[in-house]
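# quick one, what's the 3D model for this:
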Amino acid sequence: MKPLHPVYLVGAGPGDPDLMTVKAQRLLGDVDVIVYDKLVSEQILAMIPAGTTRIFAGKQARNHHMPQPDINSLLVDLAKSGRRVMRLKGGDPFVFGRGGEEAQYLAEHGVSFEVVPGITSSAGCAAYAGIPLTHRDLAHSVRFVTGHTKGADGLDLNWESLADPQTTLVVYMGLTNVRLIAERLIGAGLPADTPAAAINNGTRPEQKVVNSRLDALADDIESHRISGATLLVIGRVAELAEHLAWFGAAGGTAQRINS
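Predicted coordinates for the structure are as follows:
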C-alpha cells in the first residue's frame, strides 16, 4: 500500500490574496482537492487551478453548512482515498479556526498532516484599519477572545479579566453578541467611552471600518447595517485609526465610518 499524502491545514489569511504565504500559494497547485470555508475570499478561490476539486464546508458562527464532525471525517476519507488534500481556512488554522480539532482527529485516525500558518484576522484586519494592536503609550498587551463560546449563554468569559484599560481586546465572531459584550465589559469596569472599532471584510476591497466607543458600538454597527465577517477591536489603540487609516485612502472602495 502506498503511503498516504499528508493533509495540509492551510491558513488563507484574512482575505487579500497578497497576504497569503508563499507556501500556501504553492500548495494550491499541488493538491487534488480543497475543502474550504466561507471566510476564504473569492480572490483566493480564483487562484485554485481548474481541475482541482473544491468542497465547500461553509463554516461561520451559528451557520454550519457542514458540521465539524462531518468535516473531520471527510478529511480522513479523502486522505485515505490517496488524494492530496488541503483544508483551506480563513486567517490562521490554529487561531479560532478549529485547526487543532481537525489535526487531533487526523492524528487519531493515522493520517499525517502539515500546518501552514496564515496571517490571523486580528493582525491583518487591524493593520488594514490603521489600528496597531500594541503601543507603548496605549496598550501593553493584547487579548484574543471569541464572541461565541460553549457556555449556556454563548459568552462564558472572564469579564473582570478582560476589562483592562491597558489591554487591547480583539473579539473574533463577536458581531451577533456585540451589545452583550459591551454591556458585560462596562459592567466589569471598562470605561464606557473606551475607543472601539468594528472591521467588516477586513483587507478586502469592500472593507468597512466603524470607529466608535464601547457604549455606542452596537448601535453604530446596527445603524450602518454591518453584517458578515466582522472583527471587534476594543481599547485605546482603536482611536489611532483616525490618523493611521491608510487602506483605501488613495481612492479605493474601502470605507471608514466615524460615529
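
# residue ranges of the helices in the stretch 51-200 of the chain, please?
Assigned by DSSP state H, counting those that start in this stretch, the helices in the stretch 51-200 of the chain fall at 68-80, 99-108, 121-128, 159-162, 178-187.

# now do the residue most central in space within the chain against residue 129, distance only.
In the chain, the centroid-proximal residue (C-alpha atoms, centre = their mean) is residue 121; its distance is 4.2 Å. Look at residue 121 and residue 129: by C-beta to C-beta, to the nearest Å, they are 11 Å apart. Just so you know, the C-beta spots here come from the backbone N, C-alpha and C atoms, and that holds for glycine as well.

# any shared contact partners between the two?
Residues touching both residue 121 and residue 129 by C-beta atoms under 8 Å, 6 or more residues apart in numbering: residue 202.

# number of nearby residues for residue 134?
Residue 134 has 13 neighbouring residues, counting by other C-beta atoms under 10 Å.

# ok so, going back, among the helices of the stretch 51-200 of the chain, which is nearest residue 245?
helix 121-128 (8.8 Å; C-beta to C-beta).

# the closest one packs against which elements?
strand 167-172, strand 195-200, strand 230-234 (3 or more C-beta pairs under 8 Å, 6 or more residues apart in numbering; DSSP states H and E).

# in the helix or strand following the shortest one, which of the residues would be classed as buried?
Past strand 230-234, heading to the C-terminal end, the next element that is a helix or strand (DSSP states H and E) is helix 241-244. Across helix 241-244, burial judged by 16 or more other C-beta atoms under 10 Å covers residue 241.

# can I get the following helix or strand past helix 241-244 as CSV, trimmed to CA atoms?
Next helix or strand after helix 241-244 toward the C-terminus (DSSP H and E): strand 255-258. Only the C-alpha atoms of strand 255-258 are listed here, as CSV (Å, rounded to 0.1, in the frame of the first residue of the first chain):
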residue,chain,number,x,y,z
GLN,A,255,-14.9,52.8,3.8
ARG,A,256,-14.2,54.3,7.1
ILE,A,257,-17.2,55.4,9.2
ASN,A,258,-16.7,57.6,12.3
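
# what's the closest of the helices and strands packed on helix 121-128 to residue 216?
Of these, nearest to residue 216 by C-beta to C-beta is strand 195-200, at 8.2 Å.

# what angle do the closest one and helix 178-187 make?
Taking axes from the mean of the first three to the mean of the last three C-alpha atoms, to 10 degrees, strand 195-200 and helix 178-187 form an angle of 160 degrees between their directions.
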